[in-house]
Structure formats: C-alpha cells, structure tokens
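Asker: Predicted coordinates and the sequence they were generated for:
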Amino acid sequence: MQIPLKGDSKEADQLNIKRAKDAIGRVMKIEFKELRGSITEADLKARQEIAQSLLKEAQESKYQFSVTSNKYRDTYEKVSIGDFTGSIESLKVGLGFTGSELATGIYPKVLSGTGFLTLLSNSGSVVDGYGIVSVDSLKDATYTVSYALVAKEPSEWKPAQDSKGRVLNDKYFLNSSVQVNEAFQPMIELTFNTDGAQIFGELTSRLKGHPIAIFVGGELLTAPTVNEAILSGKAVITGNYTSAQAKKLSNDINT
C-alpha cells in the first residue's frame, strides 16, 4: 500500500505517513525477525493474549468488526479473517450455545476446540487457533458469520532484539531505496537511525551466516542471509533482482 504524501523534508514525510496510517486504522508495521528455534509457553500465551485483545477491541469499537479484524491481520502474523454461512443449528453447536435464541453481533467469548473448528471448516480453514466471530445475519434457519482466527502457534520467526531487549522495527528504521552495484545490478538499500544502527550492528554480528527476515503487516517479504556484521546503519539486500522486482520490494518495505 502506497501513501503518496510529501512533506518539506524526510522527517515530514515520515510523520505524514504515520498520521495517514493512524487515520485509516491500519498499522502496517515493519519488523525484523530471526529464526525462533523452539516454541515456548510464553510464545503460546502471547497468542492467546492477541486473541483476547482483538475481542476486547472489537467489542469496544464503534466501527464494524471488519475494521478491527483487518487491523490485527495486518499487525500480527498468522491471523486470518473471512466469513461463511451455514445452518443456525450448526452455529449453536460451534459456539457451544445452549439457549433457544441467538442474536447478531460479536460473540462475547474467544472460541477454540473441536466444535469451533468444525464450524470454521465451512470456510475452508483448518488451522487450530482462537476464533473471534461476529454473527452478521440470522435468517430462514441460516446464518452469516465474519471471523478472525489467531493461530495457536507462532511462526518459525521471532522478533529480532538486541541484548538490551530492543526489537528492531519501524521505530528504528528510516527507509528503503533501490541502488545499483558496480555491475549495475539492482539492490535494495536499508537505512536505520542511530539507535537502529546499533541494534542492527549487534544483530548482524550475532546472526552471521543466518537469515534475518523482514515482515511488513505480519507478512514475510524477504529473509536474506547475513554475510557480515554491518555497523554503519546502512545495509544492502542483493540478489538476481530485475529493476522492477527491486523497486517493488523496496516499496513494500517502505509501506
């Protein structure tokens, strides 16, 4: 997503972009990640907390459920959204509902378990996770439901952080641009601020020979291998990119 706002300086450009993102309620966050190695109890608990936070925000929001669910999909990894229809009786089973009546609106519990997963299979999704649903309509013994599904387990990647606990993200990242090397091969240059240069320097020193991934809005864009420690605050991503491919990746990183 491109936000074509220009200011009088690079700092003004960044501020305008932040304001625009805030205004439309989407947080297209950039994060740098490293391989996780193993999944801990803390990792699993964090996934539950994301689902609980999504439910709470959706309940308190004055906007439609889709606004909140889209925001979480674009902010966190392994969050999917969608909708499906079915019989009201199957909805009662999936929600664990024992009453004689159902109502439209956001169901007030985070859902999990076989009943919910069976219900969700109507949409084609089979990932085990925590569900937040909004019953959009109930008519003629059928229902329409919108949902957000937070996978129970995180991906193989975890936030890349330094020895001070600082996670390398958009707070420390300035911009991406397309450059060319001596052989006129396109490459993507990343620029960090002063603190970002320190964090990236420590990370690349520790992760030499291993990948460091770039995520935007929870989506993996690229995971180049670290060849050497980079202490200057500027790094390049090389590969067999065409000019168009390099420009697209750079633009996606800048989103």
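Answerer: Cool, the structure landed.

Asker: Tell me where the chain is predicted with low confidence.
Answerer: 1-28, 98-101, 122-126 (pLDDT under 70).

Asker: What segments of it are strands?
Answerer: Counting by DSSP state E, residue ranges of the strands within the chain are 30-35, 79-87, 105-106, 129-139, 142-151, 157-159, 173-180, 186-192, 213-216, 219-222, 234-237.

Asker: Now render those strands as JSON lines, adding mean neighbour count and distance to residue 59.
Answerer: Placement of C-beta: from N, CA and C, glycine included. Shown next, in JSON lines, are the strands of the chain (neighbours: other C-beta atoms under 10 Å; distance: least, C-beta to C-beta, whole Å):
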{"stretch": "strand 30-35", "mean neighbour count": "21", "distance to residue 59": "27"}
{"stretch": "strand 79-87", "mean neighbour count": "16", "distance to residue 59": "17"}
{"stretch": "strand 105-106", "mean neighbour count": "14", "distance to residue 59": "6"}
{"stretch": "strand 129-139", "mean neighbour count": "20", "distance to residue 59": "9"}
{"stretch": "strand 142-151", "mean neighbour count": "22", "distance to residue 59": "13"}
{"stretch": "strand 157-159", "mean neighbour count": "17", "distance to residue 59": "28"}
{"stretch": "strand 173-180", "mean neighbour count": "16", "distance to residue 59": "33"}
{"stretch": "strand 186-192", "mean neighbour count": "19", "distance to residue 59": "38"}
{"stretch": "strand 213-216", "mean neighbour count": "21", "distance to residue 59": "28"}
{"stretch": "strand 219-222", "mean neighbour count": "14", "distance to residue 59": "27"}
{"stretch": "strand 234-237", "mean neighbour count": "16", "distance to residue 59": "41"}
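
Asker: Of these, which is nearest residue 52?
Answerer: Ranking the strands of the chain by proximity to residue 52 (C-beta to C-beta) places strand 129-139 first, at 8.2 Å.

Asker: Identify the residues contacting that closest one?
Answerer: Strand 129-139 is contacted from outside by 47-48, 51, 54-55, 58, 65, 69, 78, 83, 88, 91, 95, 102-107, 110-112, 116, 120, 143-152, using C-beta atoms under 8 Å, 6 or more residues apart in numbering.

Asker: just so I know, which of the strands of the chain lies nearest residue 244?
Answerer: With C-beta to C-beta as the measure, strand 186-192 is the member of the strands of the chain nearest residue 244 (8.9 Å).

Asker: now for that closest one, which elements pack on it?
Answerer: Identification of packing neighbours for strand 186-192 by 3 or more C-beta pairs under 8 Å, 6 or more residues apart in numbering; DSSP states H and E yields strand 173-180, strand 234-237, helix 243-254.

Asker: Check which helices and strands the longest one sits against.
Answerer: Just to be clear, that refers to helix 243-254. strand 173-180, strand 186-192, strand 213-216, strand 219-222.

Asker: so which of the ones you listed comes closest to residue 207?
Answerer: That would be strand 213-216 among those, by C-beta to C-beta, at 10.6 Å.

Asker: chain center to the closest one, what's the gap?
Answerer: With C-alpha atoms, centre = their mean, to the nearest Å as the basis, strand 213-216 stands 9 Å off its chain's centre.
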